[in-house]
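J.: what's the 3D shape of this:
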Amino acid sequence: MNVIISNQANDLLSSMNIDVIKKINGVFSSDEIISNFSNFYYERLILDITALKDYTDIKNLQKLSINLDASKMIILLDGSSYTSSSEFISKLISVGIYNFTKNVDGIMYLMSHPNSYKDVANLQKIDEQPDEYIKTQMGGTKIIGVKNLTDHAGSTTLIYKLKNQLEKNYKVIAIEIDKKDFVYFNDRNMFSFTNDQFNNELLKINSNVEVILVDLNNSNQEKCCNDVIYLLEPSIIMLNKLISRNRNILNNISGKKVILNKSMLSPKDINEFEMEANIKTFYSLPPINDRMPSVAVDNFLVRLGFFKQKNSEENSNSLINDGILGLFKHKS
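T.: Numbers count the residues shown, from 1 in each chain. Predicted structure coming up:
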């Protein structure tokens, strides 16, 4: 059984030979539609786009996609130059709505052959996605990407540690792209998506999430992040392997947040490494016990800006140097 929400296309939709469990006619806000149908069972929800109030604001369609099952939703476009434009179609796809058409034949086809992202990916203007648009839609959420430069530099375990210590004071989730390693942590706030899924899933995340940690792996999603940290394991063999693959890699990461991870280098060794590599490292992290709280990880998070200074710069430096755990100021 199906639901029809109609307005200007009421006569057209009424002529369809399908089973309808509920039909409403008029103009409705996204909140009204969600309130009526979020707990309502149906096979397909057919929405005349002119029945959605302020449908030219993509945020209203995004709200429907987040709160209703977008795979069961079919949008009947009005054929206007705006909804027919590649920009509007691209925005629909970016918020996870893949089933849209301009006619009844299209509706009938989509009812039995719903689209996946792969079916509509060619219609999306990737150059307009994801970077600034994604970051704008995420509002105040801080997205931090983590990327291994040397093989097995430890991004997965480091993200797990960062999440555990951040979530004492922040609402945090972690995402990995094109891998399934997070499943082994048995943590309900750690998710695995493909590179194709990432942008759409990012837009569906609850707005109260304050920090998203992203294990970038081999993806190209750095532009979605507010900040990206690059991990190097500074052993001779790992560095030589890295340079043999890309002789320009050290020049490419100059000026970026380069972290020496699983590092046993002394301050003197680090200085020599920076001079030889002609790069400035952002931080050096020793091998970490992933079962225990870590002073080094707390101090690293302070460097990333998660410590709210309580009194003065001098007090903050003192805390960092003392290596005290629990450095984050609770939000009021």
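
J.: and the gap between the residue most central in space within the chain and Ile143?
T.: Nearest to the geometric centre of the chain sits Leu202, at 3.2 Å (Cα atoms, centre = their mean). Separation of Leu202 from Ile143 (Cβ to Cβ, to the nearest Å) stands at 8 Å. Quick note: C-beta positions are derived from backbone N, CA and C, even for glycine.

J.: Could you find the closest non-adjacent residue to Glu200?
T.: Heads up, residue 200 is Asn, not Glu. Spatially, and ignoring its direct neighbours in sequence, Asn200 is nearest to Gly96 (4.3 Å; Cβ to Cβ, 6 or more residues apart in numbering).

J.: picking that back up, help me confirm that the residue nearest to the centre of the chain comes into contact with Cys224.
T.: Yes. Using Cβ atoms under 8 Å, Leu202 is in contact with Cys224, at 6.7 Å.

J.: Without its sequence neighbours, what residue ends up closest to Ser29?
T.: Per Cβ to Cβ, 6+ apart, closest to Ser29 is Lys53, 4.7 Å.

J.: surely Lys256 meets Tyr230?
T.: Yes. Checked against Cβ under 8 Å, the pair Lys256 and Tyr230 is within contact range at 5.6 Å.

J.: So for these two, which sits in the more crowded spot?
T.: Neighbours around Lys256 and Tyr230, counted as other Cβ atoms under 10 Å, are more numerous at Tyr230. The numbers are 24 against 16.

J.: and the more buried one, helix, strand or coil?
T.: Classification of Tyr230 using DSSP: H, G, I helix; E, B strand; the rest coil returns strand.

J.: How much space separates it from Leu110?
T.: As for Tyr230, its distance to Leu110 is 43 Å (criterion: Cβ to Cβ).

J.: how would you label Leu45: helix, strand or coil?
T.: Secondary structure, three-state DSSP: Leu45 is strand.

J.: what about it, neighbour count?
T.: Here the number of neighbours of Leu45 (other Cβ under 10 Å) works out to 22.

J.: Quick check: it vs Met1, distance?
T.: Going from Leu45 to Met1 by Cβ to Cβ gives 11 Å.

J.: Equivalent analysis for Asp196, please.
T.: For Asp196 relative to Met1 (Cβ to Cβ), the value is 32 Å.

J.: okay, these two: which has more neighbours?
T.: Of the pair Asp196 and Met1, Asp196 is the one with more neighbours under other Cβ under 10 Å, namely 15 against 11.

J.: what comes up buried for the helix or strand harbouring the more buried one?
T.: Under DSSP states H and E, the secondary-structure element containing Asp196 is helix 195-203. Of the residues in helix 195-203, those buried by neighbour count under the rule 16 or more other Cβ atoms under 10 Å are Gln197, Phe198, Asn199, Asn200, Leu202, Leu203.

J.: Leaving out the residues flanking it, which one is nearest to Leu265?
T.: Once its chain neighbours are removed from consideration, Leu265 has its nearest residue in Pro234; the separation is 5.9 Å (Cβ to Cβ, 6+ apart).

J.: Now do the same contact list for the one you found.
T.: Remark: with contacts taken as Cβ atoms under 8 Å, 6 or more residues apart in numbering, Pro234 is in contact with Leu260, Ser263, Leu265, Phe273.

J.: Who wins on neighbours among the residues you listed?
T.: Each of these was scored for neighbours by other Cβ under 10 Å, and Leu260 scores highest at 22 neighbours.

J.: Just the pLDDT for the residue nearest to the centre of the chain.
T.: pLDDT, the model's per-residue confidence, is 82 for Leu202.

J.: From Gln221, how far out is it?
T.: Counting by Cβ to Cβ, the separation of Leu202 from Gln221 is 9 Å.

J.: ranges for the strands of the stretch 51-200 of the chain?
T.: 73-76, 100-101, 142-148, 172-177, 190-193 (DSSP state E, counting those that start in this stretch).

J.: give me the low-pLDDT residue ranges for the stretch 1-150 of the chain?
T.: Scanning the stretch 1-150 of the chain for pLDDT under 70 picks out the ranges 125-139.

J.: Distance from the chain centre to stretch 231-247, please.
T.: Put simply, stretch 231-247 sits 29 Å off its chain's centre (Cα atoms, centre = their mean, to the nearest Å).

J.: what's the answer for stretch 177-188, then?
T.: Taking the mean C-alpha point of stretch 177-188 and that of its whole chain, the gap between them comes to 15 Å (Cα atoms, centre = their mean).

J.: Dump it to PDB, restricted to CA.
T.: Taking only C-alpha atoms (Å, rounded to 0.1, in the frame of the first residue of the first chain), the coordinates of stretch 177-188 have been written out as PDB:
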ATOM      1  CA  ILE A 177      35.900   5.000   4.500                       C
ATOM      2  CA  ASP A 178      36.200   1.900   2.400                       C
ATOM      3  CA  LYS A 179      37.300  -0.400   5.200                       C
ATOM      4  CA  LYS A 180      35.500  -2.500   7.800                       C
ATOM      5  CA  ASP A 181      38.000  -2.400  10.700                       C
ATOM      6  CA  PHE A 182      35.800  -0.400  13.100                       C
ATOM      7  CA  VAL A 183      33.500  -3.400  13.500                       C
ATOM      8  CA  TYR A 184      36.200  -5.100  15.700                       C
ATOM      9  CA  PHE A 185      35.800  -2.300  18.300                       C
ATOM     10  CA  ASN A 186      32.200  -3.200  19.000                       C
ATOM     11  CA  ASP A 187      31.300   0.500  19.400                       C
ATOM     12  CA  ARG A 188      27.900   1.700  18.300                       C
END
